[in-house]
Each structure stands twice: as structure tokens, then as C-alpha cells.
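**Student:** Sharing a sequence plus its predicted fold:
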Amino acid sequence: MSIALSELAPGQDIGSASLKITRADLVRYAGASGDFNPIHWNERFARSVELPGVIAHGMFTMGAAVQLVTDWIGDPGAIIDYQTRFTRPVPVEDMDGDAAGAVVEVSGAIGAIDADNSTARVDLTVTFNGQKVLVKAQAVVRIW
């Protein structure tokens, strides 16, 4: 897919996605990232530190959310900046089989266009159970 800067406008929708997260995803992410904090895999420990249960890694949630932008632009290398603030944890229930333990909703819209630098800012809305889990989630993409 080829996207032209001239075809974009602030407020324009780039799409949405539902991210299904399982405990197995968290274990795989822990192995890849080296973040073996027990709040991401041990229910008893997570509750002992007053969390609602096992929670997704913040960086996992952040990384999964930006996939919407990658899919839209078609080139992960086009993303030149991505930032967010974490506001709420994403509890991931222990589920049987392939069922998701949590579903995070992501939608994106063009927030700003910088024609001089051939970039567009994509603003992401990332929620779990109707509450924002990331705020000011913004990716800047270069569009040639």
C-alpha cells in the first residue's frame, strides 16, 4: 500500500484492532525481553503487591499497540518516533486453551502533518475494558 502525504488530513482514521493477550504471550515476551518480574507471570505474587493479578508488561502493550501503525504504513522502518505514557495496568486472566486473557482495543488517527519533513503523527487510543491504558501514544511516520 502506498500512502501519499497529500492524501492525509488531521483526524483521518487509520483503522483499529483488537489485541488478544494471553499468559503465554507474557511468558514469550519475558523470555525475549529478559523481564522476568513475577508480576507478569505469578498470580500470588502480583496480588501480594496489590495488583489485580498478573499484568502485561507495559512495553509489551506499547509494542503491540504500534503494530496498527506498522500495518497501516506497510514499513516498520517508516516509524521514526514512538512515545507514550502508561496509565493503567492490563490484567491478563489465566485462561484455558487459546482464549485471550485480556483484549486491548487500539485505534489510530492522523494527529498532525508536517509537510516540510514529510511526516505524519499518528495518535493511538489504547484501551482495556473501556479505560485508557496508554495516553499520548503517538507515532511519527515518514511518508515518501
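**Tutor:** Great, that's in hand.
**Student:** can you map out the strands along the chain?
**Tutor:** Listed in chain order, the strands of the chain (DSSP state E) span 13-21, 79-86, 102-114, 119-128, 131-142.
**Student:** Next one, pLDDT for the residue of the chain positioned farthest from its centre please.
**Tutor:** When distances to the mean C-alpha position of the chain are computed (CA atoms, centre = their mean), the maximum falls on residue 116, with 28.0 Å. Looking at residue 116, its pLDDT reads 97.
**Student:** what's the spacing between it and residue 138?
**Tutor:** Noted for residue 116: a distance of 18 Å to residue 138, by CB to CB, to the nearest Å. For glycine as for every other residue, the C-beta is placed from the backbone atoms N, C-alpha and C.
**Student:** Check residue 76 too.
**Tutor:** In terms of CB to CB, residue 76 sits 16 Å off from residue 138.
**Student:** what number of residues lie near residue 139?
**Tutor:** When neighbours are counted by other CB atoms under 10 Å, residue 139 registers 25.
**Student:** For it, name its beta-bridge partners.
**Tutor:** As for beta bridges, residue 139 partners with residue 82, residue 122 under DSSP bridges.
**Student:** Verify the stated contact: it with residue 126.
**Tutor:** No: the criterion here is CB atoms under 8 Å, and residue 139 misses it with residue 126 at 11.6 Å.
**Student:** what residue is smack in the middle of this structure?
**Tutor:** With distances taken as CA atoms, centre = their mean, residue 65 lies nearest the centre of the chain, 1.9 Å away.
**Student:** Other residues contacting the longest helix along the chain?
**Tutor:** Secondary structure of the chain per DSSP state H: the longest helix is helix 23-33. Outside helix 23-33, the residues that touch it by CB atoms under 8 Å, 6 or more residues apart in numbering are 35-36, 40-41, 54, 56-57, 59-60, 92, 94-95, 101.
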